[in-house]
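# Generate a structure from the sequence data that follows.
(one chain, ligands or ions: 1)
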Amino acid sequence: MENDTGNIENKDLPSLLRWYMDSGVDESIGDETLDWFAISTQPAPKTTSPAKVTATVSVEQIAEKAEQLAASCDSLSDLKQTIKSFDGCRLKKTATHTVFSDGNPDSNIMLIGEAPGVDEDRQGIPFVGESGQLLDRMFKAIDLAREKDFYIANIMPWRPPGNRNPTSEEITICLPFIKRHIELFKPELIILLGGISAKNLLNSSLGITRLRGKWAEYELKSSKIPVRSLFHPAYLLRQHKAKGDTWHDLLEIKAKVEELSL
Ligand code: URA
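This next block holds a predicted model:
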């Protein structure tokens, strides 16, 4: 496989890449973590050429721009295009796809997860990996099917590399998009999947263990939409004991769906 200089020969690269993928390697990242926001806020080096002056933009300014862009969208397809062409979030640079939504856009129930994983990034569709399959089984158990009864999106449209959690800066920048997504979809019931989604959309400092198990409200224009927060399906795949609590939440959701005739 290696030639005399110790380099891999071109003809062997496809099988090497296949081997990496089969082993679960899904991206190449450096050993050192780089905080690009910190770097971009460092003073620009002194230069004698005015043409080389670098403009620095704060996270708040980028989020404000995202909010203006989101507000200018009048439909879900408009919003999807706007997010696709937005370059203010660094996650877009390492992602393969912008992951917008799936499910029935004419339904009344909106599920909101955290961020795409490797399978979602490859396919451009939310919740298609192992946790998505569990999610579909959970909702099937209360007679709700993704194709017919609900719509699903994430607070982050791009996959954070290595499946790390999105940083607070990345969330601040992308939050205006999911908020507009909610406004345009106009749900009658919102289900938040996992702590990141629940904390940020309910504007709470509490963790998912405290936010689940009860009803909350999301203010949408002049109305208050009922919200239920659930443990994230990826967490349930690891913590089987949490499935009992989640079953209780699902039964409450089923009762609410019947009460509201959704
Ligand atoms: N986890 C999420 O929160 N969203 C996805 O789309 C996939 C996994």
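# List the contacts of Ser107.
By Cβ atoms under 8 Å, 6 or more residues apart in numbering, the residues touching Ser107 are Lys148, Asp149, Phe150, Tyr151, Leu262. Using the backbone N, CA and C atoms, a C-beta is placed for each residue, glycine as well.
# try 10 Å
Residues in contact with Ser107, defined by Cβ atoms under 10 Å, 6 or more residues apart in numbering, are 144-152, 185, 187-189, 262.
# What does the pLDDT read for it?
Each residue has a pLDDT score; the one for Ser107 is 98.
# before we move on, what about Met1?
Met1 is given a pLDDT of 56.
# residue in the stretch 1-150 of the chain nearest to the ligand?
In the stretch 1-150 of the chain, no residue comes nearer to the ligand than Gly113, which is 3.0 Å away by Cβ to the nearest ligand atom.
# Need phi/psi at Asp102.
Phi and psi for Asp102, reported as degrees, to the nearest 10, are phi -150, psi 170.
# Tell me the first helix or strand C-terminal of whichever strand in the chain runs longest.
When the chain is parsed with DSSP state E, its longest strand is strand 223-230. As assigned by DSSP states H and E, the chain's next helix or strand after strand 223-230 is helix 233-238.
# ok, and what's touching that next one?
When contacts are defined by Cβ under 10 Å, 6+ apart, helix 233-238 is touched by residues 113-114, 117, 127, 129-138, 163, 193-195, 208, 230, 232, 242-243, 245-246.
# Name the residues of the helix or strand containing Ile182 that are buried.
Following DSSP H and E, one finds Ile182 within helix 168-185. Within helix 168-185, the residues that qualify as buried are 169-182, 184-185, counting by 16 or more other Cβ atoms under 10 Å.
# is the ligand contacted by that helix?
No: for a cut-off given as Cβ under 6 Å from any ligand atom, helix 168-185 has no contacts with the ligand; the smallest distance is 11.9 Å.
# Restrict that helix to CA atoms and write it as CSV.
What follows is helix 168-185 as a C-alpha-only set of coordinates in CSV (Å, rounded to 0.1, in the frame of the first residue of the first chain):
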residue,chain,number,x,y,z
SER,A,168,-23.5,29.0,23.0
GLU,A,169,-22.2,31.3,20.2
GLU,A,170,-23.4,28.9,17.5
ILE,A,171,-26.8,28.6,19.2
THR,A,172,-27.1,32.4,19.6
ILE,A,173,-26.5,32.8,15.9
CYS,A,174,-28.9,30.1,14.7
LEU,A,175,-31.7,30.7,17.3
PRO,A,176,-33.5,33.4,15.1
PHE,A,177,-33.9,30.8,12.3
ILE,A,178,-35.7,28.2,14.4
LYS,A,179,-37.8,30.9,16.1
ARG,A,180,-38.9,32.1,12.6
HIS,A,181,-39.4,28.4,11.6
ILE,A,182,-41.8,28.0,14.5
GLU,A,183,-43.7,31.3,13.5
LEU,A,184,-44.0,30.2,9.9
PHE,A,185,-45.1,26.6,10.8
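# for it, packing partners?
In terms of contact count using 3 or more Cβ pairs under 10 Å, 6 or more residues apart in numbering; DSSP states H and E, helix 168-185 is assigned the packing partners helix 36-41, helix 59-71, helix 76-84, helix 91-94, strand 109-113, strand 150-154, helix 195-201, strand 215-220.
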